[in-house]
Each structure stands twice: as structure tokens, then as C-alpha cells.
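> Any chance you could fold what I've pasted below:
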Amino acid sequence: MFHATLWMIGALTSFCLMAIGARELNGEIGVFQILFFRSIVGLLVLLPILSLSSFASNALSKKGRFSFPKRIKLHVVRNLFHFAGQYGWFLGIGLLPLATVFAIEFTVPFWTIIISYLFLKESITVKKVIAVFLGILGVIVIVQPSLDVAHYASLIVLGAAICYAFSHVATKSLSNTESPITIIFMMCLIQAPLGLLLFIEGWTAPVGIQWLWLVIIGITALSAHYCMTKAMQYAEVTFVVTMDMFRLPLISIIGVLLYAEHFSVALVIGMLLIVGGNSLNIYSRKKDKGSIAR
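Okay, the predicted model is just below:
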């Protein structure tokens with residue numbers, strides 16, 4: 001459990017640094033350009049790793065090796081949704097308080113439940129339905145639908161969360177035939193030209209510390225997911241997901257200290273509803289696994 005905790009501290013740090021980087025670059029470099037550099041940095045980090053791993057391929061399990069992707073079309077679909085989710089998330093970081101963006105992002109498990117039920121025919125229980133209801137209610141409390149521009153931004157982040165959910169469902173399907181390193185490599189490979197095509201006319205030459213933030217975003221995008229994967233090797237998924245919820249109070253503190261953001265009662269209530277729904281979903285999954293094991 002100690003090792004899992006250390007890896008999750010790394011994941012939490014990575015997610016927060018990525019959000020800070022996005023906020024620092026807001027208004028200076030376009031989102032599509034940030035996403036392009038994010039993928040390029042990812043490729044520059046992954047290529048040496050893939051080269052080294054090829055020399056040690058015999059020591060790696062089949063699932064740990066990079067292999068030529070078997071389902072190109074699903075990779076493309078996954079990354080279209082993931083790219084759209086990333087765009088909405090980075091856009092939201094520049095328009096909303098950090099805590100609001102992270103709170104809405106935490107609805108991804110609820111949309112994943114719905115999408116998995118519709119497309120993968122996974123079972124849905126009463127507890128899952130209640131969890132989804134609490135999550136949606138939490139979003140309504142936070143967003144407070146109106147004509148305000150800030151609330152349009154909230155809807156953009158909500159759309160990003162739904163795109164992430166589609167991406168997660170596709171990832172789950174891909175994991176049956178592809179190794180994690182293949183999925184991550186294809187993510188960078190597909191999304192780099194997407195970002196390039198969408199920002200090519202609005203190029204802004206990065207200067208000074210902007211380069212540092214672009215590199216930080218690219219590295220932390222990889223390290224966050226790597227750290228979570230490593231944490232799952234040392235502890236149950238439920239422990240990892242529960243620790244991941246600490247992102248909410250952590251990013252809230254960062255928002256207050258660095259950007260003078262304020263808590264609202266609606267945000268706190270919404271966050272509690274979303275965390276409550278996530279906790280119920282985690283408990284339900286753990287209990288279901290326990291009953292199957294018995």
C-alpha cells in the first residue's frame with residue numbers, strides 16, 4: 001500500500017501540474033497548439049523507451065510490449081473522442097475555476113456507466129443508477145443552468161467529460177487486444193497531426209517559459225497515467241480511484257493560493273454530491289467483485 005500511495009502522489013502531482021501549465025498558457029498559446037505540443041513531447045519521450053524495450057522484448061510479457069496495432073479504426077475513434085475531451089478540458093481550465101473543471105471532470109465514471117450499458121451491454125444496478133443520479137445532480141448544482149458565459153464554459157467541460165467516457169469505453173475494448181504502451185503511442189501518433197491541422201493557421205511561436213510549460217504538459221500527461229497504472233499494480237483499483245478523488249481538494253487549494261479563486265456554496269455541495277456518487281459506484285463494484293469471488 002505504501003508504494004501505491006507514492007505512485008498516486010505522483011499521479012496527483014502530474015494532474016495538478018498539467019492544469020497549472022494549461023492555466024499559465026491560457027490566452028498566450030491556442031489550445032490546439034498546446035495539444036499538438038503535448039503529443040509531440042509524448043512521442044519524444046516514448047520513442048527512446050520503445051527503442052530500449054525492443055532490446056529487452058524477451059524479458060517483457062506479451063501485454064507489456066509494443067506491437068503493431070490490430071484495430072486501427074477503433075484507435076482512431078478513441079482518439080477523436082479523447083482529443084475532443086482534451087480540447088474541452090484545456091479550454092475550461094482557462095475559463096473556469098480549477099476546482100469547477102476538476103469537479104465536472106469527475107462525472108466521467110457516471111457517463112462511462114451509461115455508455116457501457118448502451119454499447120457494451122454491461123449490467124447496471126440500482127446503486128449505479130443512484131450514483132449516476134447523484135453525479136448529474138452535482139453537475140446541475142455546480143453549473144446552475146443559465147445564459148451566463150461561465151455556465152456555457154461549464155457545459156463545454158461537461159461535454160469533455162462525456163467525450164472522455166467514450167474514450168474510456170474504447171480503451172477498455174482495445175485493452176483486450178492491445179498493450180498499454182501501444183494505446184498510449186497511438187494516442188500521441190494520431191493526435192499530433194490532428195492538433196497540427198487545427199492550429200496551423202494560428203501558429204504562435206512559444207517564447208521563454210512558455211516552452212517549459214509546454215514540456216511540463218507533455219510529460220505530465222504521460223506521467224499521470226503511468227503513475228496510476230503503477231499504483232494499480234500495488235493496490236486495488238478501488239484504493240487508486242479513492243485516492244484520485246483527493247485531486248478535488250488539492251486543486252481547490254492550488255486555485256485559492258495561486259489564482260485567488262473562491263469557493264462557492266454551490267461548488268462545495270456539487271463536489272460532495274459527485275464524490276458521494278463516485279464512492280457509491282466504487283463500493284458497488286467492490287461488493288460485486290467480492291460476491292463473485294465467493
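> ok, residue 134 touching residue 274?
Yes: judged on Cβ atoms under 8 Å, residue 134 makes contact with residue 274 at a distance of 7.2 Å. (Each C-beta comes from the backbone N, C-alpha and C, glycine too.)
> okay, these two: which has more neighbours?
More neighbours surround residue 274 than the other of residue 134 and residue 274, with 29 against 22 (other Cβ atoms under 10 Å).
> Let me know whether that one touches residue 132 as I believe.
No: counting by Cβ under 8 Å, residue 274 stays clear of residue 132, with 10.9 Å between them.
> can you map out the strands along the stretch 1-150 of the chain?
Counting by DSSP state E, counting those that start in this stretch, one finds no strands in the stretch 1-150 of the chain.
> Could you point out which residue ranges in it have low pLDDT?
53-66, 145-150 (pLDDT under 70).
> all helices for it, in order.
Under the criterion DSSP state H, counting those that start in this stretch, helices of the stretch 1-150 of the chain are mapped to 2-25, 31-55, 72-95, 98-105, 108-119, 126-143, 149-174.
> Need the winner for burial among the ones you listed.
helix 98-105 (a mean of 27; mean count of other Cβ atoms under 10 Å).
> The closest residue to residue 44 other than its chain neighbours - how many residues pack around it?
Spatial nearest neighbour of residue 44, chain neighbours left out: residue 218 (7.9 Å); criterion: Cβ to Cβ, 6 or more residues apart in numbering. Residues within reach of residue 218, counting by other Cβ under 10 Å, total 24.
> Now do the buried residues in the helix or strand where residue 218 lies.
According to DSSP states H and E, residue 218 maps onto helix 209-234. The neighbour-count check on helix 209-234 (16 or more other Cβ atoms under 10 Å) flags 210, 213-228, 230-232, 234 as buried.
> Could you give the separation of it from the chain centroid?
Taking Cα atoms, centre = their mean, to the nearest Å, one finds helix 209-234 lying 11 Å from the centre of the chain it belongs to.
> counting contacts, what elements does that helix pack onto?
Applying 3 or more Cβ pairs under 8 Å, 6 or more residues apart in numbering; DSSP states H and E, one finds that helix 209-234 contacts helix 2-25, helix 31-55, helix 180-199, helix 237-244.
> ok, 7 Å please
helix 2-25, helix 31-55, helix 237-244 (3 or more Cβ pairs under 7 Å, 6 or more residues apart in numbering; DSSP states H and E).
> Could you export the ones you listed as TSV, including distance to residue 84?
What follows is the helices and strands packed on helix 209-234, written out as TSV (distance: least, Cβ to Cβ, whole Å):
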stretch	distance to residue 84
helix 2-25	16
helix 31-55	10
helix 237-244	22
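> out of the ones you listed, which comes closest to residue 283?
helix 237-244 (7.9 Å; Cβ to Cβ).
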